[in-house]
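Visitor: Here is a sequence with its predicted model. Questions after.
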Amino acid sequence: MAQLTATLLEDPAEAAPAQRQSQVNARIDAKLKATGDAGLAAAGYTPTQAVRALWALATRFKNEPVKIRVALDPDGDVTPDDLAERNRRLEALRSGAGLVDNLCEQYGLPGTSRKLAALPYRELRDALMDEHFAEKGLIDG
């Protein structure tokens, strides 16, 4: 477990009176620090930036301690019902991705074309414009 201490910087050169700063010292396992530093670096954070972000989060949710606990330990105090609900939502997201296409296929409706859906935006737009102008008789389709 980490031990934290905070001390005010008293050197006026370090911080203007209106912007006093505190220093946080934490004792953590060396291996945890090394792997944590690597993870933070991969996410684009320095340890100092991460601590500031943590304190900003704690400030933002100071009246909602459950949100702070969930942010710090998303799997802590998770009941089997919570896990089941998470899994249900994930499955709904996964199955919903192709829901329209599956229903259209099931009922023989034109729906969306997987071939068209895979096209980059400009190619898709051009194909749709060609179809539109052909329907209007403005071009040969």
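Guide: Now that the structure is in, tell me what you want to look at.
Visitor: which other helices and strands contact the host helix or strand of Ala127?
Guide: Element membership of Ala127, judged by DSSP states H and E, is helix 121-135. Under the contact definition 3 or more CB pairs under 8 Å, 6 or more residues apart in numbering; DSSP states H and E, helix 121-135 sits against helix 114-117. Backbone N, C-alpha and C define where each C-beta goes, glycine included.
Visitor: If you average the pLDDT over the helix it packs on, what comes out?
Guide: Helix 114-117 comes out with an average pLDDT of 68.
Visitor: same question, stretch 30-45
Guide: For stretch 30-45, mean pLDDT rounds to 95.
Visitor: quick thing: my sequence starts at 46, can you match it?
Guide: OK, 46 is where the count begins now, so the last one is stretch 75-90.
Visitor: State whether Gln68 is indeed within a helix.
Guide: No: per DSSP: H, G, I helix; E, B strand; the rest coil, Gln68 lies outside any helix segment and is strand.
Visitor: what number of residues lie near it?
Guide: Neighbourhood size, Gln68 [other CB atoms under 10 Å]: 10.
Visitor: And for Ala103?
Guide: Ala103: 14 surrounding residues under other CB under 10 Å.
Visitor: so which strand or helix has it?
Guide: Taking DSSP H and E as the criterion, the element that holds Ala103 is helix 92-105.
Visitor: Look up how far Ala163 lies from the residue nearest to Tyr90 when sequence neighbours are not counted.
Guide: The shortest distance from Tyr90 to any non-neighbouring residue, by CB to CB, 6 or more residues apart in numbering, is to Ala98 (7.1 Å). Taking CB to CB, to the nearest Å as the criterion, Ala98 is separated from Ala163 by 38 Å.
Visitor: So if I had to pick from those two, which one is more boxed in?
Guide: Set side by side, Ala98 and Ala163 show more neighbours around Ala98, with 12 against 9, by other CB under 10 Å.
Visitor: what's the nearest residue to Ala103 if we skip its chain neighbours?
Guide: Nearest in space to Ala103, with sequence neighbours left out and distances taken as CB to CB, 6+ apart, is Ile113 at 5.8 Å.
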